[in-house]
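J.: got a sequence here, can you build the structure:
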Amino acid sequence: MWDPGKYLDYADLRGRPFFDLTARVGAISPRRVVDLGCGPGNLTAALAQRWPDAELEAGDSSPEMVRAAQAAGVRARLLDVHDWVPAGDADVVITNAVLQWVPDHRELLRRWARQLPSGAWLAMQVPGNLGAPSHVLARQVAAEWPELAGVNLRGEDAVDDPAGYAELLAGAGCVVDAWETTYLQRLTGENAVLEWITGTALRPIRAALAEDAWQRFREQLAPLLDEAYPPRPDGTTWFPFRRVFAVARVP
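T.: I've put the predicted structure just below:
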């Protein structure tokens, strides 16, 4: 279960990669703009502002996120990315911080590149920090909990580097722009890194544990994260966050 409120706690920081991604999309007057994994809809609204004449299609696999997006005025629907089939007028497709959750997303990218109309833009961004201390420590602590044995926590192989996505999309005939950026994020408050990953990486753990167990898990992980990401005297914490981008133009 996704918590839109927790996710939006860091809306500005989470939104920055989205705008860096879409800035590289050169579509002028797209007929249809698609946001796959629209989340709470706050970023989807920016697509409507940029391309006001386009038909906007938005979907997410989380009922909670879809309801939040609809409440924000976005016409979103419940949608698994595996079930999405490009319409003939889908000139821009955005998938922002979604595909890391989809083990077979590489094949999806190949399929979309084959099915999208000529000249369409396919833009994706995924977190590239699955080998960072925040995620490594979370996996290490989770390994000590028998009740989390069946929980699938993403490892470093869940996503590729820019060269991997560039090769994949170029192999599908696309013109590709791929890159990575590490954002040095300044978080505030107690247990800042723990609170950040609670809204994303720790979501499967939170869903698997009862409330008392979840609090004990947090208490075990928090000091390890504080050691890896020491809070500054002013109460802020530096949190490096690597992200991987690719923008492809269909031939």
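J.: CA only for contacts and neighbour counts going forward, please
T.: Fine.
J.: got the contact list for the nearest residue to residue 247 once chain neighbours are set aside?
T.: Setting aside the residues directly before and after it, residue 247 is nearest to residue 123 in space (C-alpha to C-alpha, 6 or more residues apart in numbering), at 4.3 Å. Shown in contact with residue 123 (C-alpha atoms under 8 Å, 6 or more residues apart in numbering): 21-22, 25, 92-96, 245-248.
J.: before we move on, what about residue 249?
T.: 119-122, 174-176.
J.: after the helix or strand containing residue 15 comes which helix or strand?
T.: For residue 15, the host element (DSSP states H and E) is helix 11-22. Using DSSP H and E, the next helix or strand after helix 11-22 towards the C-terminus is strand 32-36.
J.: just checking: what are the partner strands of that following strand?
T.: strand 55-60 (parallel), strand 90-96 (parallel) (DSSP bridges).
J.: most tightly surrounded among those strands?
T.: strand 90-96 (a mean of 24; mean count of other C-alpha atoms under 10 Å).
J.: related to what we said a few turns ago, are we agreed that the residue nearest to residue 247 is in a helix?
T.: No - under the criterion used here (DSSP: H, G, I helix; E, B strand; the rest coil), residue 123 is strand, not part of a helix.
J.: per-residue pLDDT, it?
T.: On the pLDDT scale, residue 123 is placed at 98.
J.: just the strands from the stretch 51-200 of the chain, written as ranges.
T.: 55-60, 76-78, 90-96, 121-127, 175-188 (DSSP state E, counting those that start in this stretch).
J.: measure the residue most central in space within the chain to residue 22 for me?
T.: By C-alpha atoms, centre = their mean, the chain has its centre lying nearest to residue 97, at 1.4 Å. Applying C-alpha to C-alpha, to the nearest Å, the value for residue 97 to residue 22 is 13 Å.
J.: if we can go back for a sec, between the contacts of residue 123, which is nearest residue 85?
T.: residue 93 (11.3 Å; C-alpha to C-alpha).
J.: which residues touch the closest one?
T.: 33-36, 120-123 are the contacts of residue 93 under C-alpha under 8 Å, 6+ apart.
J.: list only buried entries from the residues you listed.
T.: Among the contacts of residue 93, those classed as buried by 16 or more other C-alpha atoms under 10 Å are 33-36, 120-123.
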